[in-house]
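Student: my questions are about this predicted structure, shown below with the sequence.
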Amino acid sequence: MLTYLATRSARVSARCVLAALALSTAVTAHAQIPQSEYAARRAALASRMPNGVLVAFGAREPAQDYLSFFQGSHFMYLTGFREPDAALVMVKRNGQVAGTIFVQPREPAQEVWTGARAGAESAAATTGLAGQSAAQFRAVLDSLVRPGDTLSVVSDLASDDEAASVDALFVRALIAAKPGVVVNDAGAAVSALRARKSAAELALIRKAVEITAEAQRDAIRAVEPGMNEFEIQALIEYTFRRNGADRPSFSTIVGSGPNSTTLHYNADDRFMNAGETVVMDIGASYRGYAADVTRTIPVSGTFTPDQRAIYQLVRDAQAAAERQAKLGNARQRMTDSANAVLAAGLAKLGLTESPAATFDCEMGGQRGLCAQSRMYYMHGLGHGIGLDVHDPDAADNGRFAPGSAFTIEPGIYVRADVLDVLPDTPRNREIATKLRAAVERYRNIGVRIEDDYIVTESGVEWISRAPREIAEIEALMKEQFAGPGKRNPAMVDWYRATGGK
């Protein structure tokens, strides 16, 4: 799943993370996140917060309790607790830090609808924190927050307006009764900690990616003319769950023909035709950690010459970026290398006037000049992955550092109307006249290739090993699809060993 911004290089020093979060070069097959690591994360956060009280809100129960619930990423990072309507409170005074988790109480009448709850005692045992009922949350917080205190707040519910407003109203009401209380947004501090992944986190990301690559292989084998996009979506998501994933880490994208040129298309309801490409941008979420792998394949099983030309250009750009992905290298070198390859290739195909050519564009309401290559490649090269599919990512002064998990995902999208939607200027009309024949030739060909990588003390490792070279894809599509691949016993054993049922 692409981002509209350039690859994020979190401007934080990985050295700030406690030694307990340091990477190990040996990632064990059954690594999981231990209670001690969550405690170290909270200690690291406490070291960054001023004296006073911190409250971290978990995600709320959906208004309709039959809808799916997913824990907020910041809260998950600090506690590992997966139930709704929970909160973490930490008090820091005179160098001492104490923490309590507030959770919904055991309530059999409610649990018949929503399932068993942990309750305060079980939550305390699993998190290592003191546990209390959520019913006591406001009263306890009232007693802890003193006039003049700093109240640090962690709430990652900004995507859910109703829940976010509930949290904001709660904080507003609390501080109204506490003269001089200063509210501090601690979300940025948590994001900085999340940027560098521990060995246990990298192991979970690796498993999510392995499951996703398996789903890509099944999908590549299965695609044929006349199928609907939703059939492939269903197969992908079935393969996720069958191999131990929690769910997709984002809405599955299966876009064929003109849909292959829409970046975040996820309706997945069009019949695929011979002679088209199909972009499959997918990711499994495994124990809360996300993968993000994209493959583009020919519906017919063989790339046409024009599809092959676009595809190979995108793959060459990705390979150029990969060559720059080395410990200590500046991350910007990846973007620069990929952009140079794409700019030169698009000009060679006649889709731009030259590698350095520009067009009249709108930027922030102002008229300016943009590279013509941006007509076909309008997003950034990649992003971090972790608890979120777009996650904070580690970097030391913009350079590759251990603990990073990220994507590289160049693309080219030749939309049929690309020339028609340019700002109407004399220069743009001239450009459209020159480029129209090439756009018509390559129209509705969209190609994105996205892979996942992790960085350890040993270097940068490509971990999303689904076929991506033209010959590999065409060979796999020639194989008879006889249903989903055999369930991977190792994946299921892993799932059970780490708490799955």
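Tutor: The structure has been received and is ready for your questions. Note that the structure is predicted; figures quoted are calculated from it, not measured.

Student: CA only for contacts and neighbour counts going forward, please
Tutor: Noted.

Student: contacts only, for residue 186.
Tutor: 49, 152-154 (Cα atoms under 8 Å, 6 or more residues apart in numbering).

Student: same thing but at 6 Å, please
Tutor: 152-154 (Cα atoms under 6 Å, 6 or more residues apart in numbering).

Student: buried residues, the host helix or strand of residue 236. List them.
Tutor: Element membership of residue 236 [criterion: DSSP states H and E] is helix 229-242. By neighbour count with 16 or more other Cα atoms under 10 Å, helix 229-242 contains the buried residues 229-233, 235-242.

Student: before we move on, what about stretch 80-93?
Tutor: Quick answer for stretch 80-93 (16+ other Cα under 10 Å): 80-92.

Student: in strands, which of those fall?
Tutor: 87-92 (DSSP state E).

Student: got CSV for the residues you listed, with distance to residue 263 and pLDDT too?
Tutor: Shown next, in CSV, are those (distance: Cα to Cα, whole Å; pLDDT from 0 to 100):
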residue, distance to residue 263, pLDDT
87, 36, 97
88, 37, 98
89, 40, 98
90, 41, 98
91, 45, 97
92, 45, 96
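
Student: ranges for the helices of the stretch 401-501 of the chain?
Tutor: Using DSSP state H, counting those that start in this stretch, the helices of the stretch 401-501 of the chain run over residues 426-442, 470-478, 489-497.

Student: out of the ones in strands among the buried residues of stretch 80-93, which is nearest to residue 439?
Tutor: residue 87 (53.9 Å; Cα to Cα).

Student: need phi/psi at the nearest residue in space to the closest one that is not next to it in sequence.
Tutor: Nearest non-adjacent residue to residue 87, counting by Cα to Cα, 6 or more residues apart in numbering: residue 57, 4.6 Å away. Main-chain dihedrals, residue 57, degrees, to the nearest 10: phi -90, psi 130.

Student: repeat for residue 261
Tutor: Backbone phi and psi, for residue 261 under degrees, to the nearest 10, turn out to be phi -100, psi 0.

Student: in the sheet, who's paired with the residue lying closest to residue 330 once chain neighbours are set aside?
Tutor: Leaving out its chain neighbours, the residue that sits closest to residue 330 by Cα to Cα, 6+ apart is residue 399, at 4.2 Å. With DSSP bridges as the criterion, residue 399 is bridged to residue 330, residue 396.

Student: from residue 455, how far off is residue 399?
Tutor: 11 Å (Cα to Cα, to the nearest Å).

Student: next: residue 145.
Tutor: Distance from residue 145 to residue 455, counting by Cα to Cα: 41 Å.

Student: looking at those two, which is more packed in?
Tutor: residue 455 (25 against 20; other Cα atoms under 10 Å).

Student: what bridges to that one?
Tutor: residue 460.

Student: likewise residue 150?
Tutor: Under DSSP bridges, the beta-bridge partners of residue 150 are residue 52, residue 182.

Student: what's the local residue count around it?
Tutor: Residue 150 has 19 neighbouring residues, counting by other Cα under 10 Å.

Student: next: residue 168.
Tutor: Neighbour count for residue 168, taken as other Cα under 10 Å: 14.

Student: contact partners for it?
Tutor: Applying Cα under 6 Å, 6+ apart, no residues contact residue 168.

Student: any chance you could give me the one helix or strand it maps to in CSV, C-alpha atoms only?
Tutor: Here residue 168, judged by DSSP H and E, is contained in helix 161-176. Only the C-alpha atoms of helix 161-176 are listed here, as CSV (Å, rounded to 0.1, in the frame of the first residue of the first chain):
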residue,chain,number,x,y,z
ASP,A,161,-13.6,11.1,14.8
GLU,A,162,-16.2,10.0,17.4
ALA,A,163,-13.7,8.1,19.6
ALA,A,164,-11.1,10.9,19.3
SER,A,165,-13.7,13.5,20.4
VAL,A,166,-14.7,11.3,23.4
ASP,A,167,-11.0,11.3,24.5
ALA,A,168,-10.6,15.0,23.9
LEU,A,169,-13.8,15.7,25.9
PHE,A,170,-12.6,13.5,28.7
VAL,A,171,-9.2,15.3,28.9
ARG,A,172,-10.9,18.7,28.7
ALA,A,173,-13.3,17.9,31.6
LEU,A,174,-10.4,16.6,33.7
ILE,A,175,-8.2,19.6,33.3
ALA,A,176,-11.1,22.0,33.8
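
Student: which residue ranges of the stretch 51-200 of the chain form strands?
Tutor: 52-57, 87-93, 96-103, 130-133, 150-155, 182-185 (DSSP state E, counting those that start in this stretch).

Student: any stretches of the stretch 101-250 of the chain with poor pLDDT?
Tutor: 156-164 (pLDDT under 70).

Student: at 80 instead, please
Tutor: 156-165 (pLDDT under 80).

Student: just the buried positions in stretch 331-338, please.
Tutor: Buried-residue list, stretch 331-338, by 16+ other Cα under 10 Å: 331-335, 337-338.

Student: got it, and stretch 282-291?
Tutor: 282-291.

Student: want to throw the residues you listed into CSV with distance to residue 113 and secondary structure?
Tutor: As requested, the buried residues of stretch 282-291 are exported to CSV (distance: Cα to Cα, whole Å; DSSP: H, G, I helix; E, B strand; the rest coil):
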residue, distance to residue 113, secondary structure
282, 32, strand
283, 30, coil
284, 27, strand
285, 25, strand
286, 25, strand
287, 24, coil
288, 24, coil
289, 27, strand
290, 29, strand
291, 31, coil
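
Student: what would the residues you listed look like in a markdown table with pLDDT and distance to residue 260?
Tutor: Output for the buried residues of stretch 282-291, formatted as a markdown table (pLDDT from 0 to 100; distance: Cα to Cα, whole Å):
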| residue | pLDDT | distance to residue 260 |
| --- | --- | --- |
| 282 | 98 | 14 |
| 283 | 98 | 17 |
| 284 | 98 | 21 |
| 285 | 98 | 23 |
| 286 | 96 | 27 |
| 287 | 95 | 30 |
| 288 | 96 | 28 |
| 289 | 98 | 26 |
| 290 | 98 | 23 |
| 291 | 98 | 20 |
